[in-house]
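**Q** Give me coordinates for this.
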Amino acid sequence: MWSNSANHWVASCSKIIATTVLIILNASIVHTTALPPPTGPYQVGMRKYTIEHYNDHDSLAPNNLSTAFLATVYYPTAQTPEGAPKPYLNPETAAYFEDSWGYTNGTLASITSTIQPDAPFLEPDGPPYPTLLFGPGGGGPPVEGNTILLAELASYGYAVIGLDHPFEQPFIRYPNGTGVFGVDTSNASAQLVYDTRLEDNAVFLEQRLSRLARELKLPFRTTHLGALGYSIGGAAAVESAQDSGRLVSGLNMDGTFLGKPALNSSAADVRKPVFMLGNEGHAPGLTGDLTWDSFPLWQTSYERKVIVIGTGHLDFCDNTFWKTLESGAGHAGTIDGLEQVKIMNAYVRAFFDLTLLGRNSPILDGPSPEFPEVEYYDL
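**A** Model (predicted):
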């Protein structure tokens, strides 16, 4: 998401405070709703890490200087959740998107999940977990607002590392409890934000991941990874796959291509498997996004372009579930949100099962009666 990034930030800050107080005062009467649970054989844990990186050309940071970004990891665990489920969004994040996307106060803040912070890692029987790098939409939702898909992947044995950049996202909270509010990104340069995403991805992959895995004994792969993302995060995932020898495939959920993949020339060729999963506006003849028309033409490796009928741009994050809680909210498409959750879970996992684990799925070969909303192009 980019165009709806932070247009109402000043108003949202006031609402964040009010919402937090309201939740505290009325904790005993707030109706809670459970996030759709992961369907895999494992429980899911979540940990956060501060990734130190000195960036003196950060277009959104005060004085153009940032010193860290946030990594949130979803992974399989054998530990069974105990106690009552807890809200899965930071209250500041929930309040911002309630205000920006038309939800009643408290709707998103009351959503709970069984994701377990700091749960022990499941000890792998063989090699480390297949590992994915994820980038959220520009201006949000941050990584936590994509939990449904990332937890689904983790429940099938993947480790998924999501990167949030401070000041670009409406709110993030570091492991030490420090919260960082975003800035108004409505007039920000998408290209500069994209360049920062590419830099964060490269720094994490080439300089931080191996050391993090070694020092903390994390059972993650440090090579032969996949990359995925939503909106500008999806575009950055594909160019990172093009540039990094550690990445073997890339998946773009509804993001306009930028950088080399946006060029209508052989420079767009990623030379690795790429999957495009987009809203119905990306169908041929219906889109103003010419990058989705030109990109497939230049690919020399495996490529799939898939459109989901009835979806809008905001249906490719947790908002597709959020909209089922309140009619008219969410600014998303007409597709049933729970069906869209199933589609994203199925196609994203199938692509990475193929490219990282060598397991093919029939739904990657063309239209499936199980998902009639999904249309293939350029097969």
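**Q** For I148, see how far away the most centrally placed residue in the chain is.
**A** Nearest to the geometric centre of the chain sits P136, at 3.9 Å (CA atoms, centre = their mean). Distance, P136 to I148, by CB to CB, to the nearest Å: 13 Å. C-beta coordinates here come from the backbone N, C-alpha and C atoms, glycine included.
**Q** and if you look at D125?
**A** From D125 to I148 the distance is 27 Å (CB to CB).
**Q** out of the two, which sits in the more crowded spot?
**A** Neighbour count, other CB atoms under 10 Å: between D125 and I148, I148 has more, with 21 against 5.
**Q** Am I right that G182 is in contact with F171?
**A** Yes. At 6.4 Å, G182 counts as touching F171 under the criterion of CB atoms under 8 Å.
**Q** Compare those two and say which one has the larger neighbour count.
**A** F171 (26 against 23).
**Q** is that one in a bridge, and if so with what?
**A** F181 (DSSP bridges).
**Q** who's in contact with it?
**A** I16, N90, E92, T93, Y96, P142, G179, V180, F181, G182 (CB atoms under 8 Å, 6 or more residues apart in numbering).
**Q** one more time with 6 Å, if that's ok
**A** E92, T93, F181 (CB atoms under 6 Å, 6 or more residues apart in numbering).
**Q** Equivalent analysis for E168, please.
**A** The neighbourhood of E168, defined by CB under 6 Å, 6+ apart, consists of L60.
**Q** That one - that's part of a helix, no?
**A** No. The assignment for E168, made by DSSP: H, G, I helix; E, B strand; the rest coil, is coil rather than a helix.
**Q** Which pLDDT value goes with it?
**A** Here, the pLDDT recorded for E168 equals 97.
**Q** circling back to that earlier point, pretty sure the residue nearest to the centre of the chain contacts I232?
**A** No. The pair P136 / I232 is not scored as a contact, 8.7 Å apart, by CB atoms under 6 Å.
**Q** What residues sit buried inside stretch 369-379?
**A** F371, E373, V374, Y377 (16 or more other CB atoms under 10 Å).
**Q** no, scratch that, I was asking about stretch 33-40
**A** Here stretch 33-40 shows L35, P36, P37, P38, G40 as buried, counting by 16+ other CB under 10 Å.
**Q** If you count contacts, what does the one helix or strand T196 maps to end up packed against?
**A** Element membership for T196 (DSSP states H and E) is helix 190-203. The contact analysis (3 or more CB pairs under 6 Å, 6 or more residues apart in numbering; DSSP states H and E) places helix 190-203 against helix 232-243.
**Q** at 10 Å instead, please
**A** strand 43-55, strand 66-77, strand 131-135, strand 159-164, strand 225-230, helix 232-243 (3 or more CB pairs under 10 Å, 6 or more residues apart in numbering; DSSP states H and E).
**Q** With respect to G310, which of the buried residues of stretch 33-40 is nearest?
**A** P36 (18.2 Å; CB to CB).
**Q** mind listing the helices for this protein?
**A** Along the chain, counting by DSSP state H, helices occupy 9-25, 91-100, 147-155, 190-203, 209-216, 232-243, 291-294, 319-322, 337-357.
**Q** In TSV: those helices, plus distance to G328 and mean pLDDT.
**A** Formatted as TSV, the helices of the chain follow (distance: least, CB to CB, whole Å; pLDDT from 0 to 100):
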stretch	distance to G328	mean pLDDT
helix 9-25	19	43
helix 91-100	13	98
helix 147-155	21	98
helix 190-203	29	97
helix 209-216	42	95
helix 232-243	27	98
helix 291-294	29	94
helix 319-322	12	98
helix 337-357	13	98
